[in-house]
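Peer 1: Generate a structure from the sequence data that follows.
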Amino acid sequence: MSSTILVINEKKKRAHQGLIDRERPHLKIINCDNITDAEHHILADDIDIILMALHEKAQEGLCFIQHNLEKHPAKKVILVSNQDELGNTLTALTQLPSELLLSILASNTPLVGTNRSLYKFAEQTTSVALHSPSGAFDFKGLIGESPEMQKLKKLLLKIAPTGTTILIQGESGTGKEVIARAIHAQSARSNEVFIPVDCAAINDSIIESELFGHSKGAFTGADRNTLGMIRSADKGTLFLDEIAELPLSMQAKLLRTLQERAVKPVGETKIYPVNIRIIAATNCNLTEAVKKGTFRQDLYYRLNAITIFAPPLREQRLDIPLLCNYFIDKLIKEGYPAKQFSESAMNALMAFDWPGNIRELENVVRGAITISHGDIMERDSLSFNPYPATNDERVDNQQPASIASHEKDAIRKALNQTTGNRRAAAKLLGISEATLYRRLKIYNL
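Peer 2: Sure, this is the predicted structure:
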């Protein structure tokens with residue numbers, strides 16, 4: 001049994017035309033540009049839901065809806081105020097499995113919404129779709145079935161459909177950007193842009209114009225107006241990686257942007273409104289940074305609406321075989337030969353502590369598939385020391401190792417593997433050269 005949605009949109013924008021595909025035969029969408037066409041379809045077709053965007057002729061549209069509800073009281077109606085809300089709601093409806101959509105249509109619960117109540121409906125339906133067997137959550141490369149990863153995925157199911165600001169904390173290489181992309185992919189903004197910003201990689205002298213934009217002539221070399229990354233992410237998601245690296249002056253300006261949802265470019269007096277979701281990430285302890293005065297307390301509270309902790313790889317060792325297979329498949333698509341690890345090599349991978357986490361594992365897999373001979377990657381193809389440390393090399397296990405100590409170890413290993421080549425070491429670690437230079441200075445390496 002199929003369901004029919006009548007979409008009335010006088011703006012004639014059809015960004016939602018591609019929502020129906022072969023996998024959704026239970027849905028039929030009829031698009032109308034005006035009320036006259038809509039009345040014709042209501043008489044000729046069996047309409048289940050009327051989805052209408054109210055624009056200049058809002059009063060006429062409300063009269064039309066009231067008239068048809070009096071004639072057809074069983075009809076379901078959703079009213080939206082603009083094109084974005086229409087697209088979000090239609091996306092939520094199309095993601096529902098057929099049995100769930102039919103149960104909603106068969107219920108006696110009125111389904112009439114405007115503005116905020118519409119968003120509530122869209123979030124609820126999207127959430128139900130994600131939890132249902134037919135609605136698969138696209139984790140965008142977030143691989144793993146360990147208890148730690150299952151816990152993380154359950155949390156993402158709850159928070160992704162909301163628009164809440166999120167802070168992701170975890171060691172370097174734990175996949176914080178992967179988590180952010182998974183959240184964006186299942187949010188109401190999934191059809192909009194995802195803009196990642198490495199705050200540590202931007203030079204302090206240009207970071208303000210890079211983030212907030214600038215006008216032509218604002219400073220030497222400013223030969224044109226630029227939007228900046230924040231305005232470029234309008235209606236989408238802005239991912240601020242290494243947020244703790246932002247200078248205090250930029251932290252203050254970012255806080256104002258978050259509070260007022262507006263941006264003032266360098267060299268301008270005009271303020272531009274922005275509609276963005278912020279996801280920030282750091283491998284630092286922001287509570288300690290606040291105490292030291294290197295991070296603003298009010299910005300920390302603003303970002304800390306929901307905090308996600310990305311688990312280190314040593315706490316999810318059960319996922320190492322899955323991750324290895326994922327990286328091998330990825331490399332095969334890049335043109336590398338198909339190979340697999342021997343039992344002894346996999347045991348070594350499982351036993352290693354992985355100070356560089358998932359990023360380091362990916363680099364080790366890439367190295368192994370490159371230098372190994374034949375179809376099997378043996379233990380000697382692994383570019384790290386998989387053997388237990390000697391007594392002299394062991395750290396004091398009475399105290400848990402800090403994030404900083406693991407990061408220092410990862411940097412040392414990368415520099416050793418690249419014989420001191422900082423550019424190659426940064427590439428191996430998956431960070432920018434600027435970030436590596438900062439870390440070398442911080443850790444006095």
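Peer 1: I'd like to know which helix or strand in this structure has the lowest mean pLDDT.
Peer 2: Lowest on mean pLDDT, DSSP states H and E among the helices and strands of the chain sits helix 115-131, with a mean of 38.
Peer 1: So what's the gap between the helix or strand containing Ala410 and the chain middle?
Peer 2: In this structure, Ala410 sits in helix 403-417 according to DSSP states H and E. In terms of Cα atoms, centre = their mean, to the nearest Å, the centre of helix 403-417 is found 27 Å from the chain centre.
Peer 1: now the nearest residue to Asp46 once chain neighbours are set aside: how far from Val77?
Peer 2: Leaving aside its sequence neighbours, Asp46 sits nearest to Thr4 (Cβ to Cβ, 6 or more residues apart in numbering; 6.2 Å). To be clear about C-beta, it is placed using only N, CA and C from the backbone, and glycine gets the same treatment. Computed as Cβ to Cβ, to the nearest Å, the Thr4 to Val77 distance reads 14 Å.
Peer 1: do Ile143 as well
Peer 2: Going from Ile143 to Val77 by Cβ to Cβ gives 42 Å.
Peer 1: got it, and Ile159?
Peer 2: Distance from Ile159 to Val77, by Cβ to Cβ: 29 Å.
Peer 1: residue ranges for the strands of this protein, please.
Peer 2: Along the chain, counting by DSSP state E, strands occupy 3-8, 27-32, 49-53, 76-80, 166-169, 194-198, 237-241, 262-263, 272-273, 277-282, 306-309, 340-341, 376-377.
Peer 1: Outside of the fifth one itself, list whatever touches it.
Peer 2: Translated: strand 166-169. With contact meaning Cβ atoms under 8 Å, 6 or more residues apart in numbering, strand 166-169 is reached by 159, 176, 179-180, 183, 243, 278-283, 286, 303-310.
Peer 1: confidence score at Ile179?
Peer 2: Looking at Ile179, its pLDDT is 94.
Peer 1: Pull the contacting residues for it.
Peer 2: 142, 152, 156, 168, 308, 310.
Peer 1: Does the second one touch Asp319 like I think?
Peer 2: To tie it back to what came earlier, the one meant is Leu152. No. Here Leu152 does not reach Asp319: they are 11.0 Å apart, not a contact under Cβ atoms under 8 Å.
Peer 1: Of the contacts of strand 166-169, which qualify as buried by neighbour count?
Peer 2: By neighbour count, with 16 or more other Cβ atoms under 10 Å, the contacts of strand 166-169 hold 159, 176, 179-180, 183, 243, 278-283, 286, 303, 306, 308, 310 as buried.
Peer 1: Leu155: neighbouring residues, count only.
Peer 2: By the measure other Cβ atoms under 10 Å, the count of residues near Leu155 is 15.
Peer 1: Met52 too?
Peer 2: Met52 has 23 neighbours, counted by other Cβ under 10 Å.
Peer 1: In contact with it, which residues?
Peer 2: By Cβ under 8 Å, 6+ apart, the contact set of Met52 is 7-9, 38, 61, 65, 77-80.
Peer 1: Please list all residues in contact with the closest residue to Lys264 other than its chain neighbours.
Peer 2: In this structure, Lys264 finds its nearest non-sequential neighbour in Ile271, 5.0 Å apart by Cβ to Cβ, 6+ apart. Listed by Cβ under 8 Å, 6+ apart, the contact partners of Ile271 are 260, 262-264.
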